[in-house]
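Colleague: got a structure for you, letters missing:
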């Protein structure tokens, strides 16, 4: 009686820490290169916040109020730019790559799945930093903005870190939206949220219903943190800064949970 033989299971290669870091760095590099080589993404996400800042924060401001308006809009347009980079970089990009089958190719490769998402977050942070530096350069040069170096660094850090909840939101959108509808879905969420959160017009000038709604929107909480850091008091903070941080963490966890549901759904459809 012949013995039955079974194939030896193939074990996943064990990589050193240095090798893992090299993989993550290479994926992040090519994700950043990909985004810079897509003009509709690179130019629009950087140019629109800068253009609106110049128009509403400087050109249309009275000379006497220009410095205050430019400082206010520096915080809010920074939030607006961070939202755009994160939502389009994650939501639209992920939806398109899912539709093209590129995500399945990545999953079939030996690359750690975490490298894919870390690379997208890295690209969002880089683009967010570029947007903030350009806004600061314009504000300081033409808007009469004067903030201490420590305050400027804190403002940049808060807004760049603020890309995390919006990246999580983009991740959820990317897993549920279809490739052709993803840009429309992002715009339908992104633009109304920006307006209702007081990024375009100070919140106290909006109807009371929108003021109440703003407390449930993540851009409001990030904008309040940025405005407080810049020394702008708009008398609209319903909670402390810690409360705004807690709200952003809660939004991040909710969107990550939704993204996890979408991820498992895709895995089930692809691999059964």
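Modeller: It's in. Owing to the predicted nature of the structure, the values given are computational and were not obtained by experimental measurement.
Colleague: Give me the pLDDT for residue 99.
Modeller: Residue 99 is assigned a pLDDT of 84 by the prediction.
Colleague: That one: neighbouring residues, count only.
Modeller: By the criterion of other CB atoms under 10 Å, residue 99 has 14 neighbours. Where you see a C-beta, it was placed from the backbone N, CA and C, and this is true even at glycine.
Colleague: show me what contacts it?
Modeller: 178, 179, 180 (CB atoms under 8 Å, 6 or more residues apart in numbering).
Colleague: Quick check: it vs residue 92, distance?
Modeller: 11 Å (CB to CB, to the nearest Å).
Colleague: just residue 174 next, same as before
Modeller: For residue 174, the distance to residue 92 - CB to CB - is 7 Å.
Colleague: Find residues that contact each of those two.
Modeller: By CB under 8 Å, 6+ apart, the residues touching both residue 174 and residue 92 are residue 182.
Colleague: higher neighbour count, the two?
Modeller: Neighbour count, other CB under 10 Å: between residue 174 and residue 92, residue 174 has more, with 28 against 23.
Colleague: give me the element the residue nearest to the spatial centre of the chain is part of.
Modeller: With distances taken as CA atoms, centre = their mean, residue 86 lies nearest the centre of the chain, 2.5 Å away. If you go by DSSP states H and E, residue 86 is part of helix 66-86.
Colleague: Would you map the helices across the chain?
Modeller: Taking DSSP state H to define them, one finds helices in the chain at 17-36, 39-52, 66-86, 93-100, 102-108, 113-142, 149-161, 163-176, 182-196, 208-214, 218-229, 241-271.
Colleague: and those helices as a markdown table, adding distance to residue 58?
Modeller: Shown next, in a markdown table, are these (distance: least, CB to CB, whole Å):
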| stretch | distance to residue 58 |
| --- | --- |
| helix 17-36 | 27 |
| helix 39-52 | 11 |
| helix 66-86 | 6 |
| helix 93-100 | 32 |
| helix 102-108 | 41 |
| helix 113-142 | 5 |
| helix 149-161 | 18 |
| helix 163-176 | 25 |
| helix 182-196 | 19 |
| helix 208-214 | 25 |
| helix 218-229 | 18 |
| helix 241-271 | 27 |
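Colleague: If you drop the residues flanking it in sequence, what lies closest to residue 96?
Modeller: Spatial nearest neighbour of residue 96, chain neighbours left out: residue 179 (4.7 Å); criterion: CB to CB, 6 or more residues apart in numbering.
Colleague: if we can go back for a sec, and the helices of the chain, which one is worst for confidence?
Modeller: helix 102-108 (a mean of 77).
Colleague: got the contact list for that one?
Modeller: Under CB under 8 Å, 6+ apart, the answer for helix 102-108 is 94, 97, 113, 116, 266, 270.
Colleague: Next one: residue 129 from residue 259, what distance?
Modeller: Residue 129 is 24 Å from residue 259, by CB to CB.
Colleague: what's the answer for residue 241, then?
Modeller: 27 Å.
Colleague: More neighbours: those two, which one.
Modeller: residue 259 (23 against 14).
Colleague: Wait, that one touches residue 172, no?
Modeller: Yes. Judged on CB atoms under 8 Å, residue 259 makes contact with residue 172 at a distance of 4.4 Å.
Colleague: got a list of what the residue nearest to residue 54 when sequence neighbours are not counted touches?
Modeller: Nearest non-adjacent residue to residue 54, counting by CB to CB, 6+ apart: residue 138, 6.2 Å away. Contact analysis of residue 138 by CB under 8 Å, 6+ apart lists 50, 53, 54, 58.
Colleague: What is the nearest of the residues you listed to residue 192?
Modeller: residue 53 (19.9 Å; CB to CB).
Colleague: and the closest one, how many neighbours?
Modeller: 26.
Colleague: Tell me who's in contact with it.
Modeller: Counting by CB under 8 Å, 6+ apart, the residues that residue 53 touches are 70, 73, 74, 77, 135, 138, 139.
Colleague: Please report how far the residue lying closest to residue 132 once chain neighbours are set aside lies from residue 136.
Modeller: Excluding its sequence neighbours, the residue lying closest to residue 132 (CB to CB, 6+ apart) is residue 156, at 4.8 Å. Distance of residue 156 to residue 136, computed by CB to CB: 7 Å.
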